[in-house]
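Peer 1: Just to be clear, the model below is a prediction. Sequence and coordinates:
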Amino acid sequence: MLRRVLEDFEIKEHLKRGYQLVKGPQILKLELWEKSGHLDNYRENMYFTEVDKKKYGLKPMNCLAHMLIYKSRLRSYKDLPLRYFELGTVNRHEKSGVLHGLFRVREFTQDDAHILCTPDQLHQEILNIIEFVKDVMDIFGFDFGIELSTRPAKSIGDDIDWERAINALRSALDSYGFSYDTNEGEGAFYGPKIDFKLKDCLKRSWQCATIQCDFVLPERFDLTYIGDDGEKHRPVMLHRVILGSLERFLGVLIEHYAGAFPVWLSPVQAKILTISEMQNDYAKTVYNKLIENEIRTEIDMRNESLGLKIREAQIQKIPYMLIIGNREMEDRGVSPRLRTGENMGFLKIENLVEKIKNRCKKEINEGSLINNREDR
């Protein structure tokens, strides 16, 4: 459920920024990986298979399919920029010694996007991505550092394209006013990149968001658009993720919040606790009402003491514990208790629903300003 909430959030945030949702296949023909340079520069991290005596590569990245979508028809400068977004599952052959819980796995899902734009649009598109990263990190309450990584020894493309790409990323960072470190030779094999290293509650650094500027693959795949002069021109491609690997980001989130997630993100937002079996039928009515209002709810009608039920719910860090006794049943409401131990007093169901929904909106709009403060 935590992952699904995160995915729904991602889709909504991308759609409102003009991204198109796309979906590429898991395997592509070997000649495509050869054409892209992955076969020569990334082979040791890939898995391969054979279908009908033809060789295929299991995708370690989503960019090839997105370029094929772009090439599916003729494009005009009026169509650009095109922003393709995919929650794309990829497979990379990591050595067993570096695998580590959710933080380093062989199959993971990226919030991956590829932006095809004109050279004149490049600066603004990079700025838009930087702003997107900042907005999302503010919502989750993360500070971050920035690194600019340049051409590695093992790479494709000519010096002119690499210089153009590095200058585009550096110019955007300078325009935004961010300070950053430079990692010489640590870029992707097809282009330089900006890495955003978020810092968790233990001050550990995790690479999540990245922006890669690529003049090389559009050339290799002959991507073109018709300019206002009626001639064919070459677009620039930006590879980017915001959270990066969802698995890694979830691992960081769980530790960062120590399980006490903001209400909008909590897998269970409310738990109904009955005092005795006399309230069971009414508790089911409350449960159904909350579920109808899209509040993620559980119900505890066990024949156990209320104190035990509250302790267990607090250990699980449920944001709202909804206590129901005879008085609540008679007055058609609940008595909510926050995971901090505060009691909110008696509330009608409709008032509780309104409070929970308003809090979720505030958490997303104000982010880290209220993530650690209970709103009553």
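Peer 2: Here it is on my side, so go on.

Peer 1: Okay, now the unreliable bits of the stretch 51-200 of the chain?
Peer 2: Within the stretch 51-200 of the chain, not a single segment meets pLDDT under 70.

Peer 1: rerun at 90
Peer 2: Within the stretch 51-200 of the chain, the set of residues satisfying pLDDT under 90 comprises 94-105, 141-143, 153-162, 164, 176-179, 183-191, 198-200.

Peer 1: what about the strands in it?
Peer 2: Remark: strands assigned in the stretch 51-200 of the chain by DSSP state E, counting those that start in this stretch are 54-58, 82-91, 107-117, 143-149, 181-183, 193-199.

Peer 1: Is S266 in contact with I295, as I believe?
Peer 2: No. S266 lies out of contact with I295 (C-beta atoms under 8 Å); the separation is 10.2 Å. Backbone N, C-alpha and C define where each C-beta goes, glycine included.

Peer 1: quick check: domain ranges of the protein?
Peer 2: Structural domains annotated on the chain: 2-256, 270-369, as defined by automatic domain parsing.

Peer 1: The residue positioned nearest the centre of the chain: what's it in contact with?
Peer 2: Geometric centre of the chain, nearest residue: L243, 3.9 Å, by C-alpha atoms, centre = their mean. Taking C-beta atoms under 8 Å, 6 or more residues apart in numbering, we find L243 in contact with 6, 10, 111, 136, 208-209, 249.

Peer 1: make it 7 Å
Peer 2: The neighbours of L243, taking C-beta atoms under 7 Å, 6 or more residues apart in numbering as the test, are 111, 208, 249.

Peer 1: about what we covered before: higher neighbour count, S266 and I295?
Peer 2: S266 (23 against 19; other C-beta atoms under 10 Å).

Peer 1: what are the phi and psi angles of the more buried one?
Peer 2: Note on S266: backbone dihedrals following degrees, to the nearest 10 are phi -60, psi 130.

Peer 1: from what I can see it touches P319, true?
Peer 2: Yes. With contact defined as C-beta atoms under 7 Å, S266 reaches P319; the gap is 5.4 Å.

Peer 1: burial count for K232?
Peer 2: Should you count by other C-beta under 10 Å, K232 turns out to have 12 residues around it.

Peer 1: follow-up on the earlier one: name the nearest residue to the residue nearest to the centre of the chain, sequence neighbours excluded.
Peer 2: Once flanking residues are discounted, L243 sits nearest to F249: 4.3 Å by C-beta to C-beta, 6 or more residues apart in numbering.

Peer 1: Make sure I have this right: that neighbour is in a strand.
Peer 2: No. Secondary structure of F249 (DSSP: H, G, I helix; E, B strand; the rest coil): helix, not part of a strand.
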